[in-house]
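> Okay, here's the prediction I keep looking at, along with the sequence it came from:
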Amino acid sequence: MPDYQKKLFSSHLWAVYILAVVLLCVTWYFQWKIGLIMTVLVAASLYYTFYRERKLLEETEEYISTISHRIKKVGDEALLEMPLGIILYNEDYKIEWANPYLNKFSDDDDSIVGQSLNILSEVLIPMIKENKPEIVIEVNNSKFLTIIKKEERLLYLLDRSEQIELETLFHNQQTVLAIIFLDNYEEITQNMDDTAKSQLNSQVTSVLNKWSNHYGLYLKRTSQERFLAVGTKEILAQLENVRFDVLDDVRELITEQNNPITLSIGVGLGDTSLPALGELAQSSLDLALGRGGDQVVIKDDVGKVRFYGGKTNPMEKRTRVRARVISHALQELVKASKNVIIMGHRSPDMDSVGAAIGILNIAKSNNVDAYIVFDSNDVDIGVYRLIKALKGDEEIWSHFIEPEEAENIITSRSLLVVVDTHKPSMVADANLLNQTEYKVVIDHHRRGEDFVDNPTLVYMEPYASSTAELVTELLEYQPNHAKLKMLEATALLAGIIVDTKSFTLRTGSRTFDAASYLRAKGADTVLVQQFLKVDLDIYVKRSKLIEHAVIYRDSIAIAKADSGVAYGPVLLAQTADTLLTLSGITASFVISERDDGKIGISARSLGDVNVQVIMEKMNGGGHLTNAATQIEGTTIEEAEALLRDILHEYFEGRDSE
């Protein structure tokens, strides 16, 4: 019996003794016989009480001893036998102690005690140093949730193999919807007879059915040019591994006109409902078509987008039906508006200014006031001669206003027309986008993720040489109330000439039609050449950039300016164009600091290299053959290193296809 129990028992016993003695003394004094009887009873009672209390204490002591032993035994068994890994490690990240459960996961029969934590996983020690509370590691094909107690240098490893396997299975079996669209089916089959059209349909269907059967997709043709495919994330991963080679298979189907048929695929995925997946797939398809088609766009429920394909230039549409429809729709919007506000992108080029002047003429033709947003502090060397000529025409220049003035003029009933860009981050004044509900986007660039919210009308044709070409076609279907001035026609023609490099790149039959129309309206080709003249100092700067060019992979020219020397985007673009004229060069990249502190990269190609995809990975964009980007918070050397990494990844991906 413990000492404190003995003391407690003794104190109680003595209290009883004292009370009994007092009572007996009183009784014996008055009635000795009764006192004798009470003495016997008290003695017996005291004996029984003492016996029971001692017995109870002995039983309690035995129970406590037994339960302590059982608890200790259970603790030992739990520590050593329970399917839970426990590790104690020292300051050198070597295992000091581990319960036997972990020994069966060692590659050899020896204990893991004394070995580094790297024996379990190479990532374990770095994660401990980064104060991660828990990570998942793989040990001999088993996956463990590892709880890290850094202060105690203690690890708990819980086997989660089955749970992770179920999660992976659930993830892989999630539904994916895809909408497949034949980009140029209507154009190609327009002049086909029924036999040829049937043969083409059969060929396309055969290729797609073979593709879907190979990967386990459910495929259903919903119209002549549209298919619906249903699959899983696991199937989608397989398709991404082969970079959707079905695009190449379909493109190889040459029609009677020797024109390849191309398809675009919009994919929707995510942990969401089927209607929402359908909307994601349609949105992805719209984005693919807006980028010129012949590609795959994958969009998930959190907005992340991935692109595949886009190797070919968009095919020019031979008919002008869409141009006429868009022109009439634009006319109705102009007539219904209080005024028209026109703006292009920051640091406007010839195409942006020329297209804006064309929209200005459309507004004047419909007797509606119109204004062009122009920041006089943001004039690049490439357009200053054109701007100087426009300032000489008071009637035209009176429609040019500063962004601050435009914000005072625009109302909820104004029509805002954005030309030569579709990205809110690139417009001359992003604040204007929120001032009216009626917005029109006219652009020839391939569509990117960043797009003007809720536009009323969109006219994007990546096949077009320039936005000036698109606007010129719209002009042809407008009322001739405001005759196109010579300077206006010349500005539009200058936009076409600059973007086509004097009709050598991205030039179709409709490009020459638009140029012919402008020439008939008085466009002066000599004046265009005056606008495009280069100052001697600019020519020297361009030559210095070319002097620093190096050749990558035998056909890629990369020119890098000296650190601390800033060049404008037009000069970079001109340098990239010049490099592309060199023998053996299929793509060129020019890197330089800009006046705003960013690093600018201008990219050009002859079509074999998709510079748009490369620039998009650097937060830029453009065309397959013409793209650019601006990067913040980096240096020229870091930008060049990033570009080389992306080029390496791009060519490695192509080589594996």
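Alright, I've got the coordinates.
> next SSE after the helix or strand containing residue 518?
Assessed by DSSP states H and E, residue 518 sits inside helix 509-520. Once the chain leaves helix 509-520, the next helix or strand it forms, by DSSP H and E, is helix 525-531.
> who touches that next one?
Contacts made with helix 525-531 from outside it, assessed by CB atoms under 8 Å, 6 or more residues apart in numbering, are listed as 350, 383, 385-386, 389, 490, 493-494, 497, 519. C-betas here are computed from N, CA, C, even on glycine.
> again with stretch 577-591
With contacts defined as CB under 8 Å, 6+ apart, stretch 577-591 is touched by 501, 542, 545-546, 549, 551, 554-561, 572-573, 575-576, 599-606, 608-609, 611, 636, 639-640, 643.
> doesn't residue 483 fall inside a strand?
No - secondary structure of residue 483 (DSSP: H, G, I helix; E, B strand; the rest coil): coil, not part of a strand.
> What about it, how many residues nearby?
A count of nearby residues for residue 483, using other CB atoms under 10 Å, gives 13.
> what's near enough to touch it?
Taking CB under 8 Å, 6+ apart, one finds nothing in contact with residue 483.
> contacting residues around the residue nearest to residue 596 when sequence neighbours are not counted?
On the basis of CB to CB, 6 or more residues apart in numbering, the spatially nearest residue to residue 596 that is not a chain neighbour turns out to be residue 630, at 8.0 Å. Residue 630 is in contact with 594, 596, 598-601, 620, counting by CB under 8 Å, 6+ apart.
> give me every residue that touches residue 575.
With contacts taken as CB under 8 Å, 6+ apart, residue 575 has the following neighbours: 542, 545-546, 559, 588, 590, 602.
> Which helix or strand lies directly C-terminal to the helix or strand harbouring it?
Assigned by DSSP H and E, residue 575 belongs to helix 569-580. Once helix 569-580 ends, the next helix or strand along the chain (criterion: DSSP H and E) is strand 587-593.
> which residues sit against the next helix or strand after that next one?
If you walk from strand 587-593 toward the C-terminus, the next helix or strand you reach (DSSP H and E) is strand 599-605. Residues outside strand 599-605 that contact it (CB under 8 Å, 6+ apart): 567, 569, 572-573, 575-577, 579-580, 586-594, 611, 614-615, 618, 620, 622, 624-632, 634-636, 639, 643.
> Can you select the buried ones from the residues you listed in ChimeraX?
Buried residues among these (16 or more other CB atoms under 10 Å), as a ChimeraX selection:
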select :567,569,572,573,575,576,577,579,580,586,587,588,589,590,591,592,593,594,611,614,615,618,620,622,624,625,626,627,628,629,630,631,636,639,643
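> So which of the contacts of helix 525-531 are in helices?
Cross-referencing those with the helices (criterion: DSSP state H) gives 350, 385-386, 389, 490, 493-494, 497, 519 as the overlap.
> nearest to residue 403, of the residues you listed?
Nearest to residue 403 among the ones in helices among the contacts of helix 525-531 is residue 386, at 19.5 Å by CB to CB.
> Against residue 204, how distant is the spatially closest residue to that closest one that is not a sequence neighbour?
Spatial nearest neighbour of residue 386, chain neighbours left out: residue 531 (4.9 Å); criterion: CB to CB, 6+ apart. For residue 531, the distance to residue 204 (CB to CB, to the nearest Å) stands at 46 Å.
> Also residue 607?
In this structure, residue 607 and residue 204 are 25 Å apart, going by CB to CB.
> Which of these two has more residues huddled nearby?
Using other CB under 10 Å, the more surrounded residue of residue 607 and residue 204 is residue 204, with 22 against 16.
> helix/strand/coil for that one?
Going by three-state DSSP, the secondary structure assigned to residue 204 is helix.
> That one reaches residue 250, doesn't it?
Yes - the pair formed by residue 204 and residue 250 meets the contact definition of CB atoms under 8 Å, at 6.5 Å.
> Overlap in contacts, the two.
With contacts defined as CB under 8 Å, 6+ apart, the residues adjacent to both residue 204 and residue 250 are residue 261.
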